[in-house]
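Visitor: pasting a predicted model and its sequence here:
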Amino acid sequence: MAIVVNEPSIFDHKGNVIKTDDRTISIVTKMEEPCVAVLGNVLSKEECEELIRVSKDRMNRSKIGAQKDVSDMRTSSGTFLPETGNEVIDCVEHRISQIMNVPVQHGEGLHILNYQIGQEYKAHYDYFTSKRKSVDNPRISTLVMYLNDVEEGGETYFPHLKLSVAPKQGMAVYFEYFYQDQAINELTLHGGSPVTKGEKWAATQWVRRKQYR
Ligand SMILES: O=C(O)CCC(=O)C(=O)O
Ligand SMILES: [Fe+2]
């Protein structure tokens, strides 16, 4: 059945799968305006484990410092991975760019998040709301990938859409927010709900309209 949409999306994949150079991703669920898609088979177990492995040290190290990450808004810890030098990161970033349909150079780089029990990321927009930052090279879309299975909690929730995505290793949720109609962008409000059992590892790619790196 064709769904009528008023504004263009960059997530213009046809059919139920996305064939990238090295992997077939499944489109599990999709809605329009805002375009939100739940994707399966985005990352292998080994890739998830490698992303966690290379991040672990960096998280620990950053925590010894000034605890800059700790705020009411986001109680998880996070780190940006370095842009080059790891085959798995390069390969994953290439695949993500084909899924998101935006060149690698528009991506901010993988941001790894770790949530321990009770930690969360309160509801927020990924686009910049301050005028100064937003004009020149705005963020346009996001892919949040789940790197492990969470025993309980840790869903990515969209309160305005009444939608909740449970974290599952290798799966991801995609959404975009460059609609002319600002009311649609505002529907992408989302957060990571508190982990209540186990821990949660996720990787986020935020993408810009123009080249960023
Ligand atoms: O952890 C999640 O489920 C959401 C993460 C998120 O919103 C972000 O990284 O911008
Ligand atoms: Fe976010």
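Guide: Looks like it arrived, so ask away. Numbers count the residues shown, from 1 in each chain. Ligands and ions are numbered 1, 2, ... in the order given.
Visitor: for whichever residue of the chain sits closest to ligand 1, which non-adjacent residue is closest in space?
Guide: For the chain and ligand 1, the shortest gap (CB to the nearest ligand atom) falls at Gly192, measuring 3.0 Å. For glycine as for every other residue, the C-beta is placed from the backbone atoms N, C-alpha and C. Take Gly192 and drop its neighbours on the chain: the residue closest to it by CB to CB, 6 or more residues apart in numbering is Tyr121, 3.8 Å away.
Visitor: same question, Pro138
Guide: Arg209 is the one closest to Pro138 (CB to CB, 6+ apart), at 5.5 Å.
Visitor: check Trp201 too.
Guide: Using CB to CB, 6+ apart, the closest residue to Trp201 is Leu147 (3.8 Å).
Visitor: ok, that neighbour to Gly85 distance?
Guide: Applying CB to CB, to the nearest Å, the value for Leu147 to Gly85 is 20 Å.
Visitor: of the two, give the one with the bigger neighbour count.
Guide: The residue with more neighbours, out of Leu147 and Gly85, is Leu147; 24 against 9, by other CB atoms under 10 Å.
Visitor: hang on, isn't the more buried one packed against Lys168?
Guide: No - assessed by CB atoms under 8 Å, Leu147 is found out of contact with Lys168, at 10.3 Å.
Visitor: so where do the helices sit in this structure?
Guide: 45-64, 87-100, 131-134, 182-186 (DSSP state H).
Visitor: who does the residue most central in space within the chain bridge with?
Guide: Centroid-nearest residue in the chain: Val144, 2.0 Å away (criterion: CA atoms, centre = their mean). With DSSP bridges applied, Val144 shows beta-bridge pairing to Val173, Thr204.
Visitor: how much space between the residue nearest to Gly118 when sequence neighbours are not counted and Val173?
Guide: Using CB to CB, 6+ apart and skipping residues adjacent in sequence, the residue nearest Gly118 is Pro194, 5.7 Å away. Distance of Pro194 to Val173, given as CB to CB: 18 Å.
Visitor: higher neighbour count, these two?
Guide: More neighbours surround Val173 than the other of Pro194 and Val173, with 24 against 20 (other CB under 10 Å).
Visitor: OK, contacts around the more buried one?
Guide: By CB atoms under 8 Å, 6 or more residues apart in numbering, Val173 lies in contact with 36-39, 143-144, 156, 165.
Visitor: so among the residues you listed, which ones count as buried?
Guide: Buried members of the contacts of Val173, scored by 16 or more other CB atoms under 10 Å, are 36-39, 143-144, 156, 165.
Visitor: nearest to Ala183 among those residues?
Guide: Ranked by distance to Ala183 (CB to CB), the buried ones among the contacts of Val173 are led by Val36 at 15.4 Å.
Visitor: which among the helices of the chain is found nearest to His13?
Guide: Using CB to CB, the nearest of the helices of the chain to His13 is helix 87-100, at 8.2 Å.
Visitor: which other helices and strands does the closest one contact?
Guide: Of the remaining helices and strands, those touching helix 87-100 by 3 or more CB pairs under 8 Å, 6 or more residues apart in numbering; DSSP states H and E are helix 45-64, strand 139-146, strand 172-176, strand 200-208.
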